[in-house]
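J.: my questions are about this predicted structure, shown below with the sequence.
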Amino acid sequence: EEVKVDLGIHSYPIYISPGSIGYLGEWLSQADFSTRTLVVSDTTVGPLYGETVVASLQANGFAAELVCVAAGEASKCLTAAEKIYTQAILAGLDRKSTIIALGGGVVGDLAGFAAATYLRGVPFIQVPTTLLAQVDSSVGGKVAVDHILGKNLIGAFYQPKLVVIDPAVLETLPDRELKAGLAEVVKHGVIADNDFFAFLNDNSPAILAKDPAVLSRIIRRNCEIKASVVEQDEREANLRMILNFGHTIGHAIEAGAGFERYRHGEAIAIGMHGAALLSRYLGLCREDTVLALKNTLLRFGLPVQSSECRAEQLLSFIERDKKNISGSINWVLLEDIGRVTIRSDVPADLVKRVLTEITGI
Ligand code: NAD
Ligand code: ZN
């Protein structure tokens, strides 16, 4: 399976197939890369899959070294990036050497940031191992590290040369991480594809049981949707905003409840429910559309409400976000399953009403 991301000179393929991490070396040997590579992973994924990837690279004539950062969001920082630079220098990586991210979104964003900046940019390959990374963060070219004052504040747009997705690695992914990734999968259906949304609902038991054939299919469709949005708006000037469906409230929930409380996808699930309610109150969509989304999220074991935050508090985080983007919030709102619209003129009292409803206080 191959999905092409068409971005002119920055185009790249996404290969999706079970067992693909074992073929990485072969694919690399077909392109014009120098023989040095650095595989960046974390302390959970490295021990599970690092050996397979390194062996595949070495079998194809590449020098490969593995560097592992501590698993978890705390590693998405400049200190960890420096650790990668140090390894890259010690391993003698030159401008045609490849940095390979083997892990979830944290490793992808971090290794991508290091690849974008080391020697002003070296070839970068994504081997995403969480569902979230496979359907979302590995496609689109956003790379970043966090600052203590905020997430993703230091980063770049930097496209990979290749994305290799192996659905079989999801076998070891904890259920909670799988479900968190499903929130972004549901999001892609909601913003762009009504039939795919129905497919998710019809196949929810197989998805939750990690059926490889069904997972491969949903990953492929997700990559297609995300790729098509990114192709039309690589730098998030406009259309790409629709990918932020559920994220305005979701980010506020993450900040309000504390980042340890929710996985990103869980906060986004609550945020999507909130955005749907807001759409309903604005008369943009019907009640049964809100219910369809809510029931799908519940079916995948995702939260749709939070008693961990107060409405006032969420509102203040949303206001703060607004200041950061200098001006008005672009709310991504629902018209129907598969169709969204962007509005910036949403009355504050309606937002407050929704926040009160989803915080249940
Ligand atoms: P993560 O990378 O922390 O992975 C979650 C956990 O799962 C980690 O403990 C990891 O070690 C473990 N893990 C990963 N793959 C595994 C596997 N196959 N088997 C067993 N354990 C495995 O988190 P995430 O949810 O993948 O990514 C979250 C990050 O992604 C956030 O920092 C977020 O900002 C970023 N993100 C970026 C974009 C983008 O466009 N660049 C989009 C969405 C999210
Ligand atoms: Zn997201």
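T.: Received it, and whenever you're ready, just let me know what you need. Ligands and ions are numbered 1, 2, ... in the order given.
J.: run a quick neighbour tally on the residue of the stretch 201-350 of the chain found nearest ligand 1.
T.: Nearest residue of the stretch 201-350 of the chain to ligand 1 (C-beta to the nearest ligand atom) works out as residue 264 at 5.5 Å. (Glycine included, C-beta is placed from N, CA and C.) By other C-beta atoms under 10 Å, the residues close to residue 264 number 23.
J.: and the one 10 residues further on, by the same measure?
T.: Using other C-beta under 10 Å as the criterion, residue 274 is surrounded by 26 other residues.
J.: quick check: it touching residue 354?
T.: Yes - counting by C-beta atoms under 8 Å, residue 354 is a contact partner of residue 274 at 5.1 Å.
J.: got any residues that touch both of these two?
T.: Residues touching both residue 274 and residue 354 by C-beta atoms under 8 Å, 6 or more residues apart in numbering: residue 249.
J.: distance of residue 357 relative to ligand 1?
T.: 26 Å (C-beta to the nearest ligand atom, to the nearest Å).
J.: give the contact list for the closest residue to that residue other than its chain neighbours.
T.: For residue 357, the nearest residue in space outside its immediate sequence neighbours is residue 277; the separation is 6.2 Å by C-beta to C-beta, 6 or more residues apart in numbering. Neighbouring residues of residue 277 by C-beta under 8 Å, 6+ apart: 290, 354, 357, 358.
J.: host element of residue 277?
T.: Here residue 277 sits within helix 264-281, counting by DSSP states H and E.
J.: can you check residue 313 too?
T.: helix 311-324.
J.: list the buried residues of that helix.
T.: 311, 313, 314, 315, 317, 318, 321 (16 or more other C-beta atoms under 10 Å).
J.: shaky segments in the stretch 201-350 of the chain?
T.: 322-326 (pLDDT under 70).
J.: which residues in it form strands?
T.: Here the stretch 201-350 of the chain has its strands, by DSSP state E, counting those that start in this stretch, at 331-336, 339-343.
J.: sorry, back to before: packing partners for the helix holding residue 313?
T.: When contacts are defined as 3 or more C-beta pairs under 8 Å, 6 or more residues apart in numbering; DSSP states H and E, helix 311-324 packs onto helix 247-257, helix 348-359.
J.: pull the residues that contact it.
T.: Taking C-beta under 8 Å, 6+ apart as the rule, helix 311-324 contacts 248-249, 251-253, 255-256, 328-329, 348, 351-352, 355-356, 359, 361.
J.: which of those are buried?
T.: By neighbour count, with 16+ other C-beta under 10 Å, the contacts of helix 311-324 hold 248, 249, 251, 252, 253, 255, 256, 329, 351, 355, 359 as buried.
J.: check contacts around the fourth one.
T.: Listed by C-beta under 8 Å, 6+ apart, the contact partners of residue 252 are 271, 309, 314, 315, 317, 318, 321.
J.: okay, the closest residue to it other than its chain neighbours and residue 97: tell me how far apart.
T.: Nearest non-adjacent residue to residue 252, counting by C-beta to C-beta, 6+ apart: residue 317, 3.9 Å away. Distance from residue 317 to residue 97, counting by C-beta to C-beta, to the nearest Å: 41 Å.
J.: what does residue 217 give?
T.: Counting by C-beta to C-beta, the gap from residue 217 to residue 97 is 35 Å.
J.: who has more neighbours, those two?
T.: residue 97 (22 against 19).
J.: and the nearest residue to residue 157 once chain neighbours are set aside, what are its phi and psi?
T.: Nearest residue to residue 157, sequence neighbours excluded (C-beta to C-beta, 6+ apart): residue 141, at 5.1 Å. Main-chain torsions, residue 141, degrees, to the nearest 10: phi 80, psi 20.
J.: my read: residue 141 touches residue 234, true?
T.: Yes - contact criterion C-beta under 8 Å: residue 141 and residue 234 qualify, at 7.1 Å.
J.: could you list the residues of the stretch 201-350 of the chain in contact with ligand 1?
T.: When proximity is defined by C-beta under 6 Å from any ligand atom, the stretch 201-350 of the chain lies next to ligand 1 at residue 264.
J.: what about the helices in the stretch 151-300 of the chain?
T.: 175-192, 194-202, 204-208, 212-232, 247-257, 264-281, 287-299 (DSSP state H, counting those that start in this stretch).
J.: check which helices and strands the fourth one sits against.
T.: So that's helix 212-232. For helix 212-232, the elements it packs on are strand 2-5, strand 12-16, strand 162-165, helix 175-192, helix 194-202, helix 204-208, judged by 3+ C-beta pairs under 8 Å, 6+ apart.
J.: for residue 61, which of the ones you listed is the nearest?
T.: strand 162-165 (17.2 Å; C-beta to C-beta).
J.: give me the contact list for the closest one.
T.: Under C-beta under 8 Å, 6+ apart, the answer for strand 162-165 is 5, 12-17, 20-21, 23-24, 27-28, 31, 125-128, 134, 138-139, 219, 223.
J.: to residue 294, which of the helices and strands packed on helix 311-324 lies closest?
T.: helix 348-359 (10.5 Å).
J.: which residue ranges make up each domain of this protein?
T.: 2-169, 175-197+234-359 (automatic domain parsing).
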